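Visitor: Fold the following for me, if possible:
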Amino acid sequence: MAPMDMSKYLGLFVSEASEHLESLGRELLALEKEKTRERVDAMFRHAHSVKGMASSMGFEAIAVLAHRVEDLVDSVRGDLALLSREVVDALFAATDALSAQVKAASAGEPAPDSTKLLEVLNVHVASLTGNAPAPTPVQDAIVVAPRPAPAKPPAANGDVEATVTGARPEPSPLDKPRYAVRVRIAHTCQVPGVRAFLVHKKLSQLGVVHELKPALEELKAGRIPEGMIALELETPAGEAGIQQAVRNISEVELVTVKPAPPPQAAPPPAPPTPASAANGAAAPDRPREPTEVVGRTVRVKTELLDYFLDAVGELMLATARIREVGKALPAPSRPPLEDAVYRLHALVKDLHDKVMSVRMTPLSVITDRLPRAARDISRRRSREVELTITGAEIELDRAIIDDLADPLLHLLRNAIDHGIEPPDARADAKKPATGRVQVTVRRQRDRVVVEVEDDGRGMDAQKLKEAAVARGQLTADAAARLTDKEAFMLSCLPGVSTATDVSEISGRGVGMDAVKRAVESVGGTLEIESEKGRGTRFTLRLPLTVAVVNLLLVQAGAEIVGLPIGKVLAVLEADHQALSRSRETPLISHGTSLLPVHVLAELLHVPPTPRTGVRPYLVMESDTGKVALAVDRLLGQEEVVLKALSRPLDLVAGLSGVTILGSGRPIFILDVPRLLAA
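Guide: Here you go, the predicted model:
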């Protein structure tokens, strides 16, 4: 029988192994705060699962390292006091190394060398147990001798063919005891067929398998009633060898193994009946037992979800196009078409909502990584920090989650590196020695709000103004007019920083501009609140999805462009000739402030439409505060499908996307802060 191709299970291995390693890291973090036997047992199970899966897939380096992690965890099971900071650091290093090896396996690259790390783990195991760790049995399981070939028939001339050098001769049945073996596949296993095949493969390497139930083809197909597999195995390995072989396979439990009765001679086959001999009919097959359905979830590639979303977006555009074409029909002919289009739009919108619900991902996918990052940063900066995360079960579109990972990590780094004071400074300020960082996620109607708050030193609005002026980002007069809340946003300008020291973590005035840009690129906003000596709060307001957006359509010259309605703070009307001016810059009154005015047509470098009298102005946020955008006409609001820009358009400053109107006309969606900064 040809060996089973395991490469098609690589994606599943990477996914499952990564989940186990993330869980192992979480248990380690929790174990530093609360040492319990349950957490140690959970760590052992995660390491064991990774070892078993890696061994089954043939990734020896991963299996060996995971086995040594098993040894180290097992050595502290009896006495949790042995779990020192050095041991925890070694386990964290091993978890990182395993993650890197899994990532390399996913990319088809050689595993990074872990020889030095294995030596460190060996030293810890020897120190805790008093004995050098035994050679890992994983290696032996991987390089086990191949299954013996069946005995060959005598040659045609009557001579017995010589045994090939190096081949293992088939032992006599008298030399091989026979065992009855029953194993169970876990009901939570998502790939029972793979686990069952591995059971058969491992046991076949020990001897000869008989009486396999269900049959091998049924096992491969995953048709395993109640997850039970029964077989008889002729092997000299004994019960201990069988137990060891099955133990290395994750999600498989050995139910029983006991000596089997000697096989009885099979009765001679009954002669065929005349009817069956005449028509060649075979005996009827035994009815198959019903397959147990375990779970109702399935793993789907994200690329396939992206394709579904694009296809539904095209359907929405096509529906809008049909609606526009229908407007040109004679009035009596419109009602039937309008009814059909309305029904089609409802179906497509429902389909879009279903696809979006599948794409929704809990924020915990990225927040689960923050505790480990907080630990590493606080250790490097010699600070005590307590990180609390709430609301991480709230879901967002996967596209937003992907773009949010780096900004959240950067905000955490800034909070610990620049917000939380060193222990002596906190003592002088009569604060607890342990700093506090709180990540809070909550739902507000159709938005998700993410807050990162610390109880550190806070931000100095005056120093930020001075830094912005010194960098040439702002004039002294403009800086003096800024409120404290507007001044805090100056930290998002490139190069503006009030950090007194530069570390390998942060402090060079880069990063916050990337955070703001990433948040706004998905249709969100960033707000900063701070009180000197009390702490800082960063608030990210995010849409649930970036696939469909509400636009305000405006005309600038002969061009029609879209602006996300969430970014438009107000709409004003005024006579352009009657505006006040400061150094030739037009100013318009809004509330108690005077806002600088920019003509959108001039920013886009398109010929403006000559006009006099009253015109509309849009109040928008920019990197340096609020501005007013002069447009020629307001064309209304429309819900559109957002399309990402391809190269080279994605390099054009001020453009964030493109869409197609129902008329078939493509329009660009503007990123006003980047447009003004260009």
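
Visitor: buried residues in stretch 427-436?
Guide: 431, 435-436 (16 or more other C-beta atoms under 10 Å). In short, each C-beta sits where N, CA and C put it, glycine included.

Visitor: Next step: these restricted to strands.
Guide: Counted as lying in strands by DSSP state E, out of the buried residues of stretch 427-436, are 435-436.

Visitor: Which strand or helix spans Pro608?
Guide: For Pro608, there is no host helix or strand (DSSP states H and E).

Visitor: Quick check: phi and psi at it.
Guide: Main-chain dihedrals, Pro608, degrees, to the nearest 10: phi -70, psi 160.

Visitor: Begin at 58, not 1, for the rest of this chat.
Guide: Understood, numbering begins at 58; the last thing we discussed is Pro665.

Visitor: quick one: contacts for the nearest residue to it once chain neighbours are set aside?
Guide: Distances taken as C-beta to C-beta, 6 or more residues apart in numbering put Ala658 closest to Pro665, at 3.8 Å, once the chain neighbours are dropped. By C-beta atoms under 8 Å, 6 or more residues apart in numbering, the residues touching Ala658 are 613-614, 616, 664-666, 689.

Visitor: and of those residues, the nearest to Ala123?
Guide: Nearest to Ala123 among those: Glu616, at 59.3 Å, using C-beta to C-beta.

Visitor: give me the beta-bridge partners of the closest one?
Guide: Ala613 (DSSP bridges).

Visitor: Not counting its own residues, what contacts stretch 78-88?
Guide: Contact with stretch 78-88 is made by 96-97, 99-100, 103-104, 107, 126, 140, 145, 148-149, 152, 155-156, 159, 425-426, 428-429, 432, as judged by C-beta under 8 Å, 6+ apart.

Visitor: PyMOL command for the buried members of those?
Guide: Only the buried entries of the contacts of stretch 78-88 go into this PyMOL selection, using 16+ other C-beta under 10 Å:
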select buried, resi 96+97+99+100+103+104+107+126+140+145+148+149+152+155+156+159+425+426+428+429+432
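
Visitor: which ones among the contacts of stretch 78-88 are found in helices?
Guide: 96-97, 99-100, 103-104, 107, 126, 145, 148-149, 152, 155-156, 159, 428-429, 432 (DSSP state H).

Visitor: so what's Val605 up against?
Guide: 370, 373, 409, 696-699.

Visitor: rerun that using 10 Å as the cut-off
Guide: When contacts are counted by C-beta atoms under 10 Å, 6 or more residues apart in numbering, Val605 touches 366, 369-370, 373, 406, 409-410, 413, 696-699, 716.

Visitor: With Asp460 instead?
Guide: Asp460 neighbours (C-beta under 10 Å, 6+ apart): 454, 575-576, 578-579, 581, 599, 603.

Visitor: check which helix or strand covers Arg436.
Guide: helix 427-437.

Visitor: Quick one: name whatever helix or strand follows that helix.
Guide: strand 442-447.

Visitor: partner strands of that following strand, parallel or antiparallel?
Guide: strand 492-501 (parallel).

Visitor: Quick one: distance of the helix or strand following the partner strand to the chain centre.
Guide: Per DSSP H and E, strand 492-501 leads on to strand 504-511 as the next helix or strand towards the C-terminus. On the basis of C-alpha atoms, centre = their mean, to the nearest Å, strand 504-511 sits 20 Å off its chain's mean C-alpha point.

Visitor: for stretch 615-634, same thing?
Guide: Worked out by C-alpha atoms, centre = their mean, stretch 615-634 lies 37 Å from the chain centre.

Visitor: Span of that stretch from start to end?
Guide: With C-alpha to C-alpha, to the nearest Å as the measure, the ends of stretch 615-634 fall 22 Å from one another.

Visitor: for the most centrally placed residue in the chain, phi and psi?
Guide: The residue lying closest to the centre of the chain (C-alpha atoms, centre = their mean) is Val422, at 5.5 Å. In terms of degrees, to the nearest 10, the main-chain angles of Val422 are phi -60, psi -40.

Visitor: Next up, the contacts around it.
Guide: Counting by C-beta under 10 Å, 6+ apart, Val422 has contacts 79, 449, 452-453, 455, 458-459, 461-462.

Visitor: go on, Val357?
Guide: Counted by C-beta under 10 Å, 6+ apart, Val357 has contacts 365, 415-416.

Visitor: sec struct for it, please.
Guide: Judged by DSSP: H, G, I helix; E, B strand; the rest coil, the three-state class of Val357 is coil.
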